[in-house]
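Asker: sequence? don't have it. structure:
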Ligand code: BG6
């Protein structure tokens, strides 16, 4: 298909950016630091901030986990920064940064361990000038969240000012999954809110750190021409796809209790939905943005079981290589009922969206990795060129605006153009904006922005208690219905395909087809 490329303004044109400043001196304390996330994402992200001069000069990282890793932790993190962060091993800032990475071994339910941690952090304050400011990061398995929160409270590490222990800031980032269903999310919120004020809590969803996700708001609200057609008068339907070609990557025990709906739809996909569907907030302040997102989730009508699809992959081939089925993965039950694919049709009942279906699909071991939102516009009211289907043309097709979240990040607008020649033939063409072409490749992984925002105390890109509960309120009835109604034909799609036939049937019953990706 012919493509017209859109490139960024020349380098001489200054980009509009917020003034660069650095947060207060602080210690980032990562619980569960022996896990993959710390090495692959968090430390590389912190180091990228250091390279860009965005970290405070007085800064330290403390990894906390059960195993005695005192000797190996810092070198291991260095290796992660190099391999996962695309950093040269002789980068000038690397060794001084790694010298500020420390480790503390303790059991998360051992009160004495918190005493020792508190003493260690105070010593680091003296040594590195971190002034008592703490950013705790809960990257453990979720069953430890409650204990850690409770002990931080009991040891006066959550609100030190309340026990005359200094007046500096303390914040806590909590990784997903935040709860397992509505009830457990509420219970966790209650426990966390007993110890920390809501303004200290940063519930993270790494999708919100992705440039392309933030760009949805820029695209909609920093441009004058799109918002006018962003509604039920012009839009026929919206599709959101979060497709992964990878399987469960050795996370059998976790995934068995999660499944696609809990793992990806309740959080990442619901965040995408809110950004696409929200009204313009009155400002980009946390409260204003979160308020508009919650309105979207609350306007979603209860999702009927007939509008849901579950899938589970069987053996197949991905990228030309054989792939085992989900039930053959390590530490997965041989008759597991866990869904590795979920599709939903939902409606947002408000003035902007009434009558516009939103189709969502997310799954593992699909044909390729692609996260995309596509806006499918209505056909023009008068089909002036309805016979224009000559050789080489497709005739009149609806305009489609696709926002590629990853990979190959960018935005494409598909429209019809006259094929040169003596007959009236119409073909679809693309106007294409590519992030990499316009701005160059970036090694950032999304955690940079979120860590920096948390250090500044800016919660705009983090979930609020009400938001988490609103999305669980949508998903929980589906999970309950599914639990009561086991599927007999699992596995129902082969690894490396686009999911179960029932997902196509969901679209077909509305006279539509999933967009080919
Ligand atoms: C995580 C899920 O939250 O998101 C994983 O637990 C999933 O199962 C991952 O693979 C997808 O994130 P990304 O950034 O690779 O799209």
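Answerer: Thanks, I have it. Computed from a predicted model, the values in this text were never measured in an experiment.
Asker: How about the residues of the stretch 51-200 of the chain by the ligand?
Answerer: Where the stretch 51-200 of the chain comes near the ligand, counting by C-beta under 6 Å from any ligand atom, the residues are residue 176. Yep, even glycine has a C-beta here, placed from its N, CA and C like the rest.
Asker: Can you list the low-confidence ranges for the stretch 51-200 of the chain?
Answerer: 167 (pLDDT under 70).
Asker: next one: the chain
Answerer: Those would be 1-20, 167, 388-393, if you go by pLDDT under 70 across the chain.
Asker: One more pass at 90, please.
Answerer: 1-21, 84, 86, 160-168, 380-397, 406, 408, 418-428, 440-446 (pLDDT under 90).
Asker: So the residue located most distally from the centre of it: helix, strand or coil?
Answerer: Ranking residues of the chain by C-alpha distance from their mean position (C-alpha atoms, centre = their mean) puts residue 422 at the top, at 49.3 Å. Classification of residue 422 using DSSP: H, G, I helix; E, B strand; the rest coil returns coil.
Asker: if I look at residue 429, how far off is residue 400?
Answerer: Taking C-beta to C-beta, to the nearest Å as the criterion, residue 429 is separated from residue 400 by 12 Å.
Asker: intersection of neighbour lists for those two?
Answerer: residue 414 (C-beta atoms under 8 Å, 6 or more residues apart in numbering).
Asker: For the ligand, what is the nearest residue in the stretch 251-400 of the chain?
Answerer: Using C-beta to the nearest ligand atom, the closest approach of the stretch 251-400 of the chain to the ligand is made by residue 263 at 4.8 Å.
Asker: Next up, the contacts around residue 173.
Answerer: Contacts of residue 173 by C-beta under 8 Å, 6+ apart are 135-138, 202-204, 450-451, 454, 462.
Asker: what do you get if the cut-off is 7 Å, keeping everything else the same?
Answerer: 135, 137-138, 202, 204, 454 (C-beta atoms under 7 Å, 6 or more residues apart in numbering).
Asker: Out of the residues you listed, name the ones that lie in helices.
Answerer: Of the contacts of residue 173, the ones assigned to helices by DSSP state H are residue 454.
Asker: which among the contacts of residue 173 gets closest to the ligand?
Answerer: residue 204 (10.0 Å).
Asker: Now the closest residue to that closest one other than its chain neighbours. Its backbone dihedrals?
Answerer: Leaving out its chain neighbours, the residue that sits closest to residue 204 by C-beta to C-beta, 6 or more residues apart in numbering is residue 173, at 5.3 Å. Phi and psi for residue 173, reported as degrees, to the nearest 10, are phi -100, psi 130.
Asker: Show me what residue 173 is bridged to.
Answerer: Beta-bridge partners recorded for residue 173 (DSSP bridges): residue 137, residue 202.
Asker: Residue 361 too?
Answerer: Residues in beta-bridge contact with residue 361 (DSSP bridges): residue 241, residue 343.
Asker: so what strands line up beside the helix or strand where residue 404 lies?
Answerer: Per DSSP states H and E: residue 404 is located in strand 400-406. Applying DSSP bridges, strand 400-406 is found paired with strand 370-377 (antiparallel), strand 410-418 (antiparallel).
Asker: What are the phi and psi values at the residue farthest from the centre of the chain?
Answerer: phi -70, psi -10.
Asker: how close does it sit to the ligand?
Answerer: With distances taken as C-beta to the nearest ligand atom, to the nearest Å, residue 422 is found 48 Å from the ligand.
Asker: And for residue 508?
Answerer: 28 Å.
Asker: do the same with residue 446
Answerer: 7 Å.
Asker: dump the residue contacts of the closest residue to that residue other than its chain neighbours.
Answerer: Excluding its sequence neighbours, the residue lying closest to residue 446 (C-beta to C-beta, 6+ apart) is residue 209, at 3.2 Å. Residues near residue 209 by C-beta under 7 Å, 6+ apart: 446-447, 449-450, 461.
Asker: Let's see that with 10 Å instead.
Answerer: By C-beta atoms under 10 Å, 6 or more residues apart in numbering, the contact list for residue 209 reads 41, 45, 444-453, 461-462.
Asker: which of those lies closest to residue 471?
Answerer: Using C-beta to C-beta, residue 462 comes nearest to residue 471 of the contacts of residue 209, at 13.7 Å.
Asker: The residue nearest to the closest one when sequence neighbours are not counted: neighbouring residues, count only.
Answerer: Distance criterion C-beta to C-beta, 6+ apart; nearest residue to residue 462, sequence neighbours excluded, is residue 202 at 4.5 Å. Burial of residue 202 is recorded as 25 neighbouring residues (other C-beta atoms under 10 Å).
Asker: Residue 202 and residue 269, how far apart?
Answerer: Noted for residue 202: a distance of 21 Å to residue 269, by C-beta to C-beta.
Asker: ditto for residue 287
Answerer: 24 Å.
Asker: In terms of neighbours, single out the busier of the two.
Answerer: Legend: neighbour count by other C-beta under 10 Å for residue 287 and residue 269, higher for residue 269 (24 against 12).
Asker: Helices of the stretch 51-200 of the chain, residue ranges please.
Answerer: Assigned by DSSP state H, counting those that start in this stretch, the stretch 51-200 of the chain shows helices spanning 73-85, 94-98, 111-128, 145-154, 182-195.
Asker: Distance from the chain centre to the shortest one, please.
Answerer: Just to be clear, that refers to helix 94-98. How far helix 94-98 lies from its chain's middle: 29 Å, per C-alpha atoms, centre = their mean, to the nearest Å.
Asker: The third one too?
Answerer: Taking the mean of its C-alpha atoms, helix 111-128 sits 33 Å from the chain's own mean (C-alpha atoms, centre = their mean).
Asker: If we go by neighbour counts, what in it is buried?
Answerer: For helix 111-128, burial by neighbour count (16 or more other C-beta atoms under 10 Å) applies to 113-114, 117-118, 120-121, 124-125, 128.
Asker: Pick the most buried one from the strands paired with strand 400-406.
Answerer: strand 370-377 (a mean of 21; mean count of other C-beta atoms under 10 Å).
Asker: Which strands or helices does whichever helix or strand residue 310 is part of pack on?
Answerer: Element membership for residue 310 (DSSP H and E) is strand 308-311. Counting contacts by 3 or more C-beta pairs under 10 Å, 6 or more residues apart in numbering; DSSP states H and E, strand 308-311 packs against strand 341-347, strand 357-363, helix 465-484, helix 501-508.
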